[in-house]
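Visitor: here is a sequence together with a model predicted from it:
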Amino acid sequence: MSFLKIKDPSKRDKLVAEFIQTKKKIQDDFRSERLGEQSLYKDFGKTLKPITEQKQKTSEENVSKLEAIPWGQPELEALPGADGLLPTDIGQIARKYLTD
């Protein structure tokens, strides 16, 4: 395409600007594809950082709560429905395999 054949300077300038913009977009798309869209992942990291930090904090709180629970045998036997650590509402086949 020859831009010199366009006689109207305003049309020519507009077409050249569109051409340059399209060329730049193609180059940027190619570059981002070649880089593996690393900048996109960085943006995701920034966007999701508050969520991941809250999840980590909640996980740590849950672990500390679980560590505070006494997990001894007498406590487990005292639970309602605990029959030697087997629930009472299971069938005979399940009870056979769970006791072996």
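Guide: Arrived safely.
Visitor: mean confidence for stretch 22-36?
Guide: Averaging pLDDT along stretch 22-36 yields 86.
Visitor: ugh, wrong one, stretch 91-100
Guide: Averaged over stretch 91-100, pLDDT sits at 78.
Visitor: please export the C-alpha coordinates of it as PDB.
Guide: Below are the C-alpha coordinates for stretch 91-100, written out as PDB (Å, rounded to 0.1, in the frame of the first residue of the first chain):
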ATOM      1  CA  GLY A  91     -23.400 -51.600  57.600                       C
ATOM      2  CA  GLN A  92     -21.900 -55.000  58.400                       C
ATOM      3  CA  ILE A  93     -19.700 -55.100  55.300                       C
ATOM      4  CA  ALA A  94     -18.200 -51.700  56.100                       C
ATOM      5  CA  ARG A  95     -17.700 -52.700  59.700                       C
ATOM      6  CA  LYS A  96     -15.900 -55.800  58.600                       C
ATOM      7  CA  TYR A  97     -13.400 -53.900  56.400                       C
ATOM      8  CA  LEU A  98     -12.900 -51.100  58.900                       C
ATOM      9  CA  THR A  99     -12.100 -53.400  61.800                       C
ATOM     10  CA  ASP A 100      -9.500 -55.400  59.800                       C
END
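Visitor: what are the buried residues along that stretch?
Guide: Buried residues in stretch 91-100, counting neighbours by 16 or more other CB atoms under 10 Å, are absent. Where you see a C-beta, it was placed from the backbone N, CA and C, and this is true even at glycine.
Visitor: good, we can wrap up now.
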